[in-house]
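> give me a model of this one.
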Amino acid sequence: MYSEPRVDAGAMQACNVREPAPQGSCLMRAIPVSIPASLHEPDLSAIRYRLEMKYRNQDMMKKPSEYSKRILLAVSGLTPQIVTETIYALAMRTEDPFVPTEIHLLSTNEGAKRARLLLLSDNPGWFHRLCEDYDLHGIEFPEHNIHVVCGRDGKPMDDIRTAEDNQCAADCITEHVRLLTGDPDSALHVSLAGGRKTMGFYAGYALSLFGRSQDRLSHVLAPSDYEFATDFFYPSATRRVIEGKDKKPLDAAEAKLMLAEIPVVSMRHGLPNSLLEGSSSYSDVVQAANEAIGPIELVIDLAGCRIRAAGKVYAMRKSAIAMLSVFARRALEGKGSIAAPIKGVEDQEWAKLYINELRQCVHDEEDLNELTRMSLRKGMDGDQFSMQLSRLQNTLRKILGPRALPYLIDNGATRPGKFQTKLPPDAIHFGVLPDPKDESTINTPATA
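Next comes the predicted model:
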């Protein structure tokens with residue numbers, strides 16, 4: 001659960017405000033008021049986290065059909081019928097009908113050609129006929145929304161057969177899903193009914209990686225008799241005789257489509273921003289997701305001022321890593337939670353715990369700044385503790401984002417607070433870590 005950053009009582013700035021002078025005077029007098037420094041320099045990471053939680057909760061209460069921008073993304077091979085069948089099934093269902101405002105189709109070179117001719121041409125123009133028959137106006141489906149999967153050489157692919165072909169298809173589908181889920185005011189519906197089985201798998205998995213609470217995944221099925229009817233594109237509003245398997249006559253108006261919605265496990269909030277905001281291969285995104293949902297482990301390198309958390313190495317300030325190490329070491333020793341120092345009371349025991357960890361981050365006590373040396377001599381009071389803990393919590397949120405929760409220090413939801421790490425002892429280790437190389441690492445100055 002997100003908790004508001006605590007105000008650092010020791011980090012106050014003076015500010016003058018105006019107050020009416022005593023009665024009978026027309027003057028105003030200035031009185032000094034202490035304003036927390038954190039109000040002048042807000043913690044942007046905490047603000048961003050709070051806003052993400054707010055909008056995520058709002059989105060979970062909003063139906064996909066209530067979004068102003070509603071997108072249908074379909075993958076297909078040589079049967080573009082799945083586009084019109086899916087539109088019909090979504091728009092005509094009685095519970096929460098979903099009428100797209102725009103459509104995108106991913107296919108091979110030949111599949112894209114068939115979609116343009118059969119769906120978007122003047123004749124037969126099955127997409128336009130569907131919209132006219134069922135009064136589905138305002139759906140944008142221009143030809144440039146039909147996207148062709150290309151190979152490594154940039155040339156359109158005619159089929160997806162080899163391992164390299166599948167990798168190219170995976171990258172293409174992943175990138176389109178990433179882009180189409182980038183607008184928070186949109187809802188995306190992905191259909192995996194067409195194309196090679198691997199294309200459907202990649203579309204579903206990409207939505208699991210990037211999908212939000214308002215996004216959906218489905219598969220549309222036509223009755224078996226109609227599966228072989230090349231002229232069947234949707235149940236017609238009036239009788240229309242078509243040929244099915246073995247030239248069996250069928251009435252398109254009598255077809256009953258089944259739309260099966262497929263539940264999706266969303267892993268979006270475990271992905272780093274670099275993958276959400278920039279193009280990445282399918283393999284890179286899957287690796288990042290695996291790291292995010294992998295076993296929780298914390299490795300602390302005090303001498304190097306680094307930690308490994310959520311599968312990656314990050315640099316940290318000496319003051320923050322020392323505070324983290326206090327709680328980690330207590331967990332390893334089975335000592336449990338510990339009460340915070342009392343405000344205004346210098347606690348020698350807390351100062352000893354903190355300085356013992358901090359000393360392992362510096363080569364000489366002279367490297368410690370004056371404030372730290374004073375804490376060593378006098379003890380740590382409640383204000384100093386709150387300041388150091390707040391810095392630690394904000395640092396963890398900043399470098400780990402939504403993956404920070406298991407690593408944050410818990411206050412037990414009690415007053416006065418009793419603090420501890422909730423990580424199990426077997427997930428905590430002390431050791432030497434390599435220099436952080438990943439571009440997502442936050443390289444903060446290694447000073448106390």
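> what ranges does the stretch 301-448 of the chain have for its strands?
With DSSP state E, counting those that start in this stretch as the definition, the stretch 301-448 of the chain shows strands at residue ranges 306-309, 312-315, 338-339, 409-410, 418-421, 428-430.
> please disregard the earlier target; I meant the stretch 1-150 of the chain.
Secondary structure of the stretch 1-150 of the chain (DSSP E, counting those that start in this stretch): strands located at 12-20, 28-36, 69-75, 102-107, 146-148.
> report the distance from the last one to the chain centre.
Translated: strand 146-148. Between the mean C-alpha point of strand 146-148 and the mean C-alpha point of its chain there is a distance of 26 Å (CA atoms, centre = their mean, to the nearest Å).
> who's in contact with that strand?
With contacts defined as CB atoms under 8 Å, 6 or more residues apart in numbering, strand 146-148 is touched by 104-109, 112, 115-116, 120, 156-157, 172, 176. C-beta here means a position set from N, CA and C on the backbone, and glycine is covered the same way.
> state the mean pLDDT of the helix or strand following it.
Reading on from strand 146-148 to the C-terminus, the next helix or strand found by DSSP states H and E is helix 163-180. Rounded to a whole number, the mean pLDDT of helix 163-180 is 93.
> immediately after helix 163-180, which helix or strand?
Toward the C-terminus, helix 163-180 is succeeded by strand 186-191 as the next helix or strand (DSSP H and E).
> in terms of secondary structure, what does that next one contact?
Under the contact criterion of 3 or more CB pairs under 8 Å, 6 or more residues apart in numbering; DSSP states H and E, the helices and strands touching strand 186-191 comprise strand 69-75, helix 81-92, helix 163-180, helix 197-210, strand 216-221.
> residue 378: which of those is closest?
Of all these, the one in closest proximity to residue 378, counting by CB to CB, is helix 197-210 (51.5 Å).
> list the buried residues in that closest one.
198-210 (16 or more other CB atoms under 10 Å).
> next, the buried residues of stretch 350-366.
Buried, per 16+ other CB under 10 Å, within stretch 350-366: 350, 351, 353, 354, 355, 357, 358, 359, 360, 361, 362.
> equivalent analysis for stretch 147-162, please.
For stretch 147-162, the neighbour count (16+ other CB under 10 Å) marks 147, 148, 149, 150, 151, 157, 160 as buried.
> that older thread, mind picking the two most distant members of the buried residues of helix 197-210?
Farthest apart among those by CB to CB are 198 and 210. That separation is 18.3 Å.
> follow-up on the earlier one: nearest to residue 429, of the helices and strands packed on strand 186-191?
Per CB to CB, nearest to residue 429 of those: helix 197-210, 29.3 Å.
> can I have that closest one written out in PDB, keeping just the CAs?
Included here for helix 197-210 are C-alpha records, laid out as PDB according to Å, rounded to 0.1, in the frame of the first residue of the first chain:
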ATOM      1  CA  LYS A 197      -1.400 -20.200 -34.500                       C
ATOM      2  CA  THR A 198       1.900 -18.500 -33.500                       C
ATOM      3  CA  MET A 199       0.500 -15.100 -34.600                       C
ATOM      4  CA  GLY A 200      -2.500 -15.600 -32.300                       C
ATOM      5  CA  PHE A 201      -0.200 -16.700 -29.400                       C
ATOM      6  CA  TYR A 202       2.000 -13.700 -29.900                       C
ATOM      7  CA  ALA A 203      -1.000 -11.300 -30.000                       C
ATOM      8  CA  GLY A 204      -2.400 -12.800 -26.700                       C
ATOM      9  CA  TYR A 205       1.000 -12.800 -25.000                       C
ATOM     10  CA  ALA A 206       1.700  -9.200 -26.100                       C
ATOM     11  CA  LEU A 207      -1.600  -8.100 -24.600                       C
ATOM     12  CA  SER A 208      -0.600  -9.900 -21.300                       C
ATOM     13  CA  LEU A 209       2.600  -7.900 -21.300                       C
ATOM     14  CA  PHE A 210       1.300  -4.500 -22.200                       C
END
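> got the contact list for it?
Helix 197-210 is touched from outside by 73, 75, 77, 106, 160, 166, 169-170, 173-174, 176-178, 181, 188, 190-194, 215, 217, 219, 262, 264-268, 271, 276, 282, 285-286, 289, with contacts defined as CB under 8 Å, 6+ apart.
> got a list of what the closest residue to residue 422 other than its chain neighbours touches?
Distances taken as CB to CB, 6 or more residues apart in numbering put residue 410 closest to residue 422, at 5.0 Å, once the chain neighbours are dropped. Residues counted as contacts of residue 410 (CB under 8 Å, 6+ apart) are 337, 419, 420, 421, 422.
> the first one and residue 421 touch, don't they?
No - taking CB atoms under 8 Å as the definition, residue 337 is not a contact partner of residue 421, at 9.4 Å.
> neighbour count winner among those two?
Between residue 337 and residue 421, counted using other CB atoms under 10 Å, the more crowded position is residue 421 (23 against 18).
> wait, the more buried one sits on residue 332?
No - taking CB under 8 Å as the definition, residue 421 is not a contact partner of residue 332, at 9.8 Å.
> list residues touching both of the two?
residue 428.
> which one of the helices and strands packed on strand 186-191 lies nearest to residue 250?
Across the helices and strands packed on strand 186-191, the minimum distance to residue 250, taken as CB to CB, is reached by helix 81-92, at 14.0 Å.
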